[in-house]
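1. following is a predicted model, sequence given first.
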Amino acid sequence: MSKKEWPLWEIFIRGQHGLNHRHVGSLHAPDAEMAVNNARDVYTRRKEGVSIWVVKSTDITASAPSAKGPLFDPAESKVYRHPTFFDIPDDVGHM
Amino acid sequence: MYAQMVKSEGMKSSEEMSPEERAFQDRIDRGEKVEPKEWMPEGYRKTLIRQIGQHAHSEIVGQLPEGNWITRAPTLERKAILLAKVQDEAGHGLYLYSAAETLGVSRDELLEKLHSGAMKYSSIFNYPTLTWADMGAVGWLVDGAAIMNQVPLQRTSYGPYSRAMIRICKEESFHQRQGYAIMMKMARGTPEQKEMAQDALNRFWFPALMMFGPSDKDSVHSAQSMAWKIKMNTNDELRQKFVDETVPQAEYLGLTVPDETLKWNDKRGHYDFAEPDWQEFFEVIKGNGPCNQERLDARRRAWDEGAWFRDGLTAYAGKAAARRAGASVAAE
């Protein structure tokens, strides 16, 4: 039964000109073209987008939940990467 | 509700939990979202599949009572609106099926369980839609009752379910308002039209109250689902909220809620109201409602008669892929 099931596609929509495409959900379709057609009906019934990307779910490589620590914790101690780390006297003016 | 009497797992005390289970509960208590690949108790996963699956089935089967009136809508505008609403229900079903699939169940498996009767959909869709006024009553009362449950579920602990709910809630308000607009039109129309509106309210009031399910204030299943934040309120809380909001709306229409015991209770700050006939509810759940057979037959027929179309698209996709592969070989 599931051998006949259409593959799953992840859908990305650009909401407005100038914005990134954002992941909005997924759907089943036999091929990429039908995935775009279906995405238009399922995810943009109220003008939610100006452009659609579809990617086969199996083509996405995701980081493992257990990798959250090693991947993202090191940034925690590097607060100097944010501009507010540095005190600039008011006399200097806007910077 | 759209998911009624979903069986959850028995509640465990903090001491009975494994370290993993305790860490999981702590995350939920902190308001963190659980995402598909993360560790979760098997009971959480199974309960969610049942709940989201049943919710999805309700959206899909819910298209049928309204689909009944698309070709007979009184104006072209009403027809376009009803079509848009029914299309939304299909969309809602698809969002929810996708959310359920992230828990490791396949779409075909879910559909198979719907068609075999192994999984349920909301009891409300086993009632017939006899007149155009029913389109008003369904939008106003049925979608209204669904909203009561879906708004808090936007904060549910499971990420994909929560995101589907947020998307659905954005669209659901249109459904309720278009229903109420139909009721306003009918209630202010000819005496016959007003009579039809009253009749629709009479028939849908108690089935709408049943949507929330029987009282669950003492249910251990409910307690576990609430601890997991996949159920946000008790059935009684939501039913009371629905009655409190709906009664003034009926008064505005000049219609009478078919409950002689209905009365504002100043002390409680809520309406007192009659319970629906739970015997009828259990009969409908068991498959003995007025339209159970018709609904399931329609679903099975749509699935079976659509098989050639699904197969055709699959065959075309296969051929097109082979052609593309052939073309790139020839170009080398």
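-> That came in fine, so what should we check first? Residues are numbered from 1 along each chain as shown, chains lettered A, B, ... in the order given.
2. residues in contact with B:Asp134?
-> B:65, B:69, B:200, B:203-204 (Cβ atoms under 8 Å, 6 or more residues apart in numbering or on different chains). C-betas here are computed from N, CA, C, even on glycine.
3. so where's the longest helix in the chain?
-> Picking chain A for this. Determined from DSSP state H, the single longest helix within chain A is helix A:32-43.
4. ah, no, chain B please
-> helix B:159-187.
5. so what secondary structure elements neighbour that helix?
-> strand A:21-28, helix B:42-61, helix B:76-101, helix B:133-137, helix B:144-153, helix B:191-210, helix B:235-253 (3 or more Cβ pairs under 8 Å, 6 or more residues apart in numbering or on different chains; DSSP states H and E).
6. would you pull up how far that helix lies from the middle of the chain?
-> Between the centre of helix B:159-187 and the centre of its chain there are 11 Å (Cα atoms, centre = their mean, to the nearest Å).
7. now the angle from that helix to helix B:191-210?
-> 150 degrees (axes from the mean of the first three to the mean of the last three Cα atoms, to 10 degrees).
8. model confidence over helix B:159-187, on average?
-> Averaged over helix B:159-187, pLDDT sits at 96.
9. chain A next: which of the contacts of B:Asp134 are close?
-> For chain A, no contacts are drawn from those by Cβ under 8 Å from any Cβ of the partner chain.
10. for stretch B:206-221, which positions count as buried?
-> B:206-214, B:216, B:219, B:221 (16 or more other Cβ atoms under 10 Å in any protein chain shown).
11. up against chain A, what does chain B have?
-> B:35, B:37-39, B:84, B:87-88, B:91, B:94-95, B:98, B:101, B:106-109, B:112, B:163-164, B:167, B:171, B:310-311, B:313-314, B:316-317, B:320-321.
12. buried ones among these?
-> B:88, B:91, B:94-95, B:98, B:101, B:106-109, B:163-164, B:167, B:171, B:314, B:317.
13. what's the closest of these to chain A?
-> Chain A lies nearest to B:Ala317 out of these, by Cβ to the nearest Cβ, at 3.7 Å.
14. tell me the angle the helix or strand harbouring the closest one makes with strand A:21-28.
-> When elements are assigned from DSSP states H and E, B:Ala317 belongs to helix B:307-331. Here helix B:307-331 runs at an angle of 120 degrees relative to strand A:21-28 (the same axes, to 10 degrees).
15. please name the residues that touch B:His57.
-> With contacts defined as Cβ under 8 Å, 6+ apart, the neighbours of B:His57 are B:93, B:110, B:114, B:119-121.
16. which of these fall within helices?
-> Reading helices off those with DSSP H, I get B:93, B:110, B:114.
17. just send those back as JSON lines, with distance to A:Trp53, neighbour count and pLDDT too.
-> Converted to JSON lines, the ones in helices among the contacts of B:His57 look like this (distance: Cβ to Cβ, whole Å; neighbours: other Cβ atoms under 10 Å in any protein chain shown; pLDDT from 0 to 100):
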{"residue": "B:Gly93", "distance to A:Trp53": "23", "neighbour count": "22", "pLDDT": "97"}
{"residue": "B:Leu110", "distance to A:Trp53": "26", "neighbour count": "23", "pLDDT": "97"}
{"residue": "B:Leu114", "distance to A:Trp53": "31", "neighbour count": "23", "pLDDT": "97"}
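18. now render those residues as TSV, adding distance to B:Asn288.
-> Compiled in TSV, these are given as follows (distance: Cβ to Cβ, whole Å):
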residue	distance to B:Asn288
B:Gly93	25
B:Leu110	24
B:Leu114	18
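19. local confidence estimate at the nearest residue to B:Met196 once chain neighbours are set aside?
-> Leaving aside its chain neighbours, B:Met196 sits nearest to B:Ala133 (4.1 Å; criterion: Cβ to Cβ, 6 or more residues apart in numbering or on different chains). As predicted, B:Ala133 sits at a pLDDT of 98.
20. against chain A, how distant is B:Ala133?
-> B:Ala133 is 26 Å from chain A, where distance means Cβ to the nearest Cβ, to the nearest Å.
21. for B:Leu201, which non-adjacent residue is closest in space?
-> Leaving out its chain neighbours, the residue that sits closest to B:Leu201 by Cβ to Cβ, 6+ apart is B:Leu255, at 5.2 Å.
22. isn't there a helix covering that neighbour?
-> No: assessed with DSSP: H, G, I helix; E, B strand; the rest coil, B:Leu255 is coil; it does not lie in a helix.
23. for it, which residues are in contact?
-> B:Leu255 touches B:183, B:187, B:194, B:197-198, B:201, counting by Cβ under 8 Å, 6+ apart.
24. may I ask which of those has the most neighbours?
-> Counting neighbours by other Cβ atoms under 10 Å in any protein chain shown, B:Ala197 comes out on top of the contacts of B:Leu255 with 27 neighbours.
25. I figured that one hits B:Met186, correct?
-> Yes: under the criterion of Cβ atoms under 8 Å, B:Ala197 makes contact with B:Met186 at 3.9 Å.
26. give me the common contacts of those two.
-> Common neighbours of B:Ala197 and B:Met186 (Cβ under 8 Å, 6+ apart) are B:133, B:136.
27. if you rank every helix and strand of the chain by mean pLDDT, what lands last?
-> Let's take chain A. helix A:68-72 (a mean of 94; mean pLDDT, DSSP states H and E).
28. you answered for a different chain; I wanted chain B.
-> helix B:220-227 (a mean of 88).
29. quick one, it and helix B:42-61 angle?
-> 90 degrees.
30. just checking, what packs against helix B:220-227?
-> helix B:42-61.
31. picking that back up, can you name the next helix or strand after the longest helix of chain A?
-> strand A:51-56.
32. contacts for that following strand next, please.
-> Counting by Cβ under 8 Å, 6+ apart, A:7-14, A:21, A:29, A:32, A:35-36, A:39-40, A:43-44 sit against strand A:51-56.
33. how about that strand: buried residues?
-> Buried residues in strand A:51-56 (16+ other Cβ under 10 Å): A:52-54.
34. let's see that strand as CSV, backbone CA atoms only.
-> Coordinates of each C-alpha in strand A:51-56 appear next as CSV, following Å, rounded to 0.1, in the frame of the first residue of the first chain:
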residue,chain,number,x,y,z
SER,A,51,6.7,32.3,-5.1
ILE,A,52,6.8,28.6,-4.1
TRP,A,53,9.7,26.2,-3.7
VAL,A,54,9.1,22.5,-3.3
VAL,A,55,11.8,20.1,-2.0
LYS,A,56,11.5,16.3,-1.6
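35. enumerate every residue touching A:Arg45.
-> Neighbours of A:Arg45 in contact, by Cβ under 8 Å, 6+ apart: B:84, B:87-88, B:91, B:171.
36. which positions in chain A make contact with chain B?
-> So far as Cβ under 8 Å from any Cβ goes, chain A lies against chain B at A:1-2, A:4-6, A:8, A:24-28, A:30-31, A:34, A:41-42, A:45-46, A:62, A:64-65.
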